[in-house]
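In: Give the three-dimensional model of this entry:
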Amino acid sequence: MYPEGIFFQLGILTVCAAGLGIVARLLKQPIIAAYLLTGVLLGVGGTNIIPDSANTQDIAKVGIVFLLFLVGLELNISQIRRLKNVVLVTGLVQLGVVFAATYGATVALGYAPLTAAYLGIAASFSSTAVVLKWLTDRHELAALHGRIAVGILLLQDVVAMLLLMVIAGSSREALSILSGTAWLLKGATFFVGVWLLTKYVLPRLFFYIAKSTELLFLASIAWAFLFAMVADALGFSKEIGAFTAGLSLATLPYSLEIISRIRPLKDFFLTVFFVVLGLEVAPAVVHGNLEIIVVLTLIVLFLKSAVISVTMARLGYPKRPAYLTGAVLGQMSEFSLLVVLIGASVGQIPDEIVAVTSAVVVLTVILNTYWNALNRFVYPFLVKPLKFIGGQVRAKELRYRPGRKEGHVLMFGANRTGYHILKTFEKYKEEVVVIDHNPEVIRRLLHRGIPSVYGDIDDYELLQEVGLPDARTIVSTVPSTPANLYLIRHVRAHNPNALLILTAEQVMDALTLYEAGADYVIIPHMLGGEQAAQMLEGVEAHLTDPAAFRKRRKSHVEALRRRHRELVG
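Out: Below you'll find the model as predicted:
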């Protein structure tokens with residue numbers, strides 16, 4: 001008999017998740033898989049130390065609230081609006097095709113039509129928690145496929161809220177036009193209220209609050225919970241409320257401080273969420289429904305991803321972001337569990353469907369995580385069909401392709417560290433071709449007349465298109481060790497004499513890149529420290545002349561303002 005209570009459950013959950021997380025890290029396995037396995041081992045499918053309980057589920061929901069709050073803080077919503085056409089078309093096509101395929105397959109296996117409809121709805125949604133964690137961990141929220149994925153997730157949330165209202169209404173009586181109108185009015189009131197608060201109240205309120213970093217931290221969390229509770233009370237999801245709270249605070253000059261302080265909380269509660277998902281797997285039910293679980297897993301993992309990628313390709317988007325968007329959305333959502341739980345609670349579907357859905361959620365999350373981790377190896381094979389079905393690339397910033405070049409500089413990434421390096425190359429009139437996965441960066445560079453291409457380091461076809469075999473110097477400001485190792489192998493195989501300058505975040509990563517063949521490795525925080533030390537040495541030498549230091553301050557402020565104008569323009 002194990003101790004009961006939230007303290008013991010949270011304690012054992014945290015210790016086991018940390019232990020398996022360390023093992024996964026040592027074995028170079030996806031850490032999400034370790035968290036899900038922790039839940040399976042601790043729940044009814046394993047030792048039954050932590051039976052699935054309301055306490056752990058509530059704690060897990062806090063992680064989703066914090067995650068959506070941070071995404072709202074970090075997301076530039078105007079960039080999502082520019083992609084509204086591809087988000088709407090791709091999202092709706094995917095929802096329709098996956099629902100139809102799941103419904104047909106489930107009925108063919110002998111399940112009731114209403115049960116098939118519930119499973120079709122559940123299979124159509126992708127996991128907000130998994131997708132956003134993956135994108136934020138890999139710094140890909142600003143990438144084209146990241147923005148489209150977030151837009152599709154938001155569309156799915158809206159559809160989900162409408163479906164919940166229909167399910168709730170069908171459990172009592174037919175949904176009336178009056179109740180639907182009331183729901184729309186509540187939504188309009190909520191969002192108008194948010195706009196008014198953001199415009200007239202927040203700047204003054206947080207100007208006072210920000211004088212204390214401790215109060216800023218607490219008030220930000222309170223703001224997220226307040227919006228989540230209000231949205232929930234109005235019939236919307238807590239996630240939509242938290243996301244809206246983040247968007248409202250994103251306009252403030254303190255948003256970066258808020259993000260840095262809340263991120264560790266988000267990471268902890270999100271870990272609990274993944275463990276709780278694993279707790280809900282019941283082996284006996286899985287064994288008795290293995291056939292439908294396998295079919296649903298195949299539909300969610302492969303058909304959903306393929307529909308998204310093919311639709312984007314037909315809309316004229318490049319094959320790589322089309323493929324990556326489909327790949328990252330190929331799992332079932334935590335919201336799918338909520339749908340079937342409500343269906344079971346009102347007696348419309350059998351209770352065992354909840355356990356079936358839990359098993360599919362866990363399976364698809366684990367398999368999709370491995371799929372995305374291995375994208376560098378599987379992409380060249382899986383992307384081939386998109387070459388034949390893709391439409392003409394329409395977006396201007398994605399159309400540019402350089403002609404034949406020799407002796408030029410290839411530069412991967414031009415937004416942060418790369419911005420200053422690019423300025424230096426321009427100063428010395430070097431011929432540079434920039435590759436970046438952020439379409440906003442490409443748009444700004446093309447506007448300035450700098451040859452720029454949308455893409456990633458590990459796009460093997462793109463490396464040939466931009467003239468990598470004939471480049472004199474190759475610079476990567478992308479701090480991804482696996483991507484840079486791939487680049488080293490490709491460069492040394494096709495252009496062994498090129499000067500290769502790479503970027504790393506940690507000292508050990510830099511040493512790994514040197515051993516693999518890099519000519520020089522930039523470590524940004526070390527360069528920043530060295531520059532600060534040189535500046536302070538200059539201050540020490542001019543203690544009797546503070547005017548020299550103030551002059552440097554003035555030029556720094558002017559440079560920052562120029563950079564800000566470029567970013568917002």
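In: only C-alpha atoms for contact and neighbour calcs from this point on.
Out: Will do.
In: who touches V192 in this structure?
Out: With CA atoms under 8 Å, 6 or more residues apart in numbering as the criterion, no residue contacts V192.
In: tell me the average confidence for the helix or strand it falls within?
Out: With elements delineated by DSSP states H and E, V192 resides in helix 177-196, which encompasses its position. Computed over helix 177-196, the mean pLDDT rounds to 73.
In: now swap in stretch 207-225 and tell me
Out: Confidence for stretch 207-225, expressed as mean pLDDT, is 87.
In: can you list contacts of that stretch?
Out: 65-66, 69, 206, 241-242, 245-246, 254, 258, 261-262.
In: Give me the buried entries from the residues you listed.
Out: Buried by 16 or more other CA atoms under 10 Å: 65-66, 69, 206, 241-242, 245-246, 258, 261-262, out of those.
In: check contacts around the nearest residue to Y486 once chain neighbours are set aside.
Out: Counting by CA to CA, 6 or more residues apart in numbering, Y486 lies nearest to D458, which is 6.7 Å off, once chain neighbours are set aside. If a contact means CA under 8 Å, 6+ apart, then D458 has 376, 483, 486-487 as its contacts.
In: could those go into JSON lines alongside neighbour count and distance to A355?
Out: What follows is the contacts of D458, written out as JSON lines (neighbours: other CA atoms under 10 Å; distance: CA to CA, whole Å):
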{"residue": "R376", "neighbour count": "16", "distance to A355": "34"}
{"residue": "A483", "neighbour count": "16", "distance to A355": "39"}
{"residue": "Y486", "neighbour count": "16", "distance to A355": "41"}
{"residue": "L487", "neighbour count": "22", "distance to A355": "44"}
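In: re the thing from before, starting from V475, give me the distance back to the residue nearest to Y486.
Out: Counting by CA to CA, to the nearest Å, the separation of D458 from V475 is 14 Å.
In: Check G146 too.
Out: Going from G146 to V475 by CA to CA gives 24 Å.
In: okay, those two: which has more neighbours?
Out: More crowded of G146 and V475, by other CA atoms under 10 Å: G146, with 25 against 22.
In: surely the more buried one meets L135?
Out: Yes: with contact defined as CA atoms under 8 Å, G146 counts as touching L135 (6.5 Å).
In: re the thing from before, in terms of helices and strands, where is the residue nearest to Y486?
Out: With secondary structure defined by DSSP H and E, D458 is part of neither a helix nor a strand.
In: Of the contacts of stretch 207-225, just say which sits nearest to V361.
Out: Closest approach to V361 among those (CA to CA): V65, at 19.4 Å.
In: which residues sit in contact with the closest one?
Out: Taking CA under 8 Å, 6+ apart as the criterion, V65 is in contact with 224-225, 228, 238-239, 242-243.
In: Pull out the buried residues from the helix or strand harbouring it.
Out: For V65, the host element (DSSP H and E) is helix 54-74. For helix 54-74, the neighbour count (16+ other CA under 10 Å) marks 56-57, 59-74 as buried.
In: Okay, N438 and E461: tell me how far apart.
Out: Relative to E461, N438 is positioned 18 Å away (criterion: CA to CA).
In: of the two, who's got more company?
Out: Of the pair N438 and E461, N438 is the one with more neighbours under other CA under 10 Å, namely 23 against 10.
In: thought that one was touching A142?
Out: Yes: N438 lies in contact with A142 (CA under 8 Å); the separation is 6.0 Å.
In: Specify the local secondary structure of F243.
Out: Following DSSP: H, G, I helix; E, B strand; the rest coil, the label given to F243 is helix.
In: Report the contact partners of it.
Out: By CA under 8 Å, 6+ apart, the neighbours of F243 are 65, 68-72.
In: D232 too?
Out: Taking CA under 8 Å, 6+ apart as the criterion, D232 is in contact with 238, 241.
In: Give the buried residues for the helix or strand harbouring it.
Out: Counting by DSSP H and E, the element that carries D232 is helix 213-233. Of all the residues in helix 213-233, those buried under the rule 16+ other CA under 10 Å are 216-217, 219-221, 223-231.
In: got the residues you listed as TSV, with distance to Y35 columns?
Out: TSV is the format used below for the buried residues of helix 213-233 (distance: CA to CA, whole Å):
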residue	distance to Y35
L216	31
F217	28
A219	30
S220	28
I221	25
W223	29
A224	25
F225	25
L226	29
F227	29
A228	26
M229	28
V230	31
A231	29
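In: ok, those vs D267, which is closest?
Out: Nearest to D267 among those, with distances taken as CA to CA, is I221, at 14.4 Å.
In: Next one: L184 from L95, what distance?
Out: According to CA to CA, L184 stands 22 Å off from L95.
In: Tell me which of those two has more neighbours.
Out: For L184 versus L95, neighbours defined as other CA under 10 Å are more numerous around L95 (20 against 11).
In: The more buried one belongs to a helix?
Out: Yes: remark: L95 belongs to a helix, assigned using three-state DSSP.
In: That one reaches G120, doesn't it?
Out: No: using CA under 8 Å, L95 and G120 do not qualify as a contacting pair, with a distance of 9.0 Å.
In: Can you get me a residue count around K199?
Out: Residues contacting K199 under the criterion other CA under 10 Å number 13.
In: Report pLDDT for it.
Out: What the model reports as pLDDT for K199 is 81.
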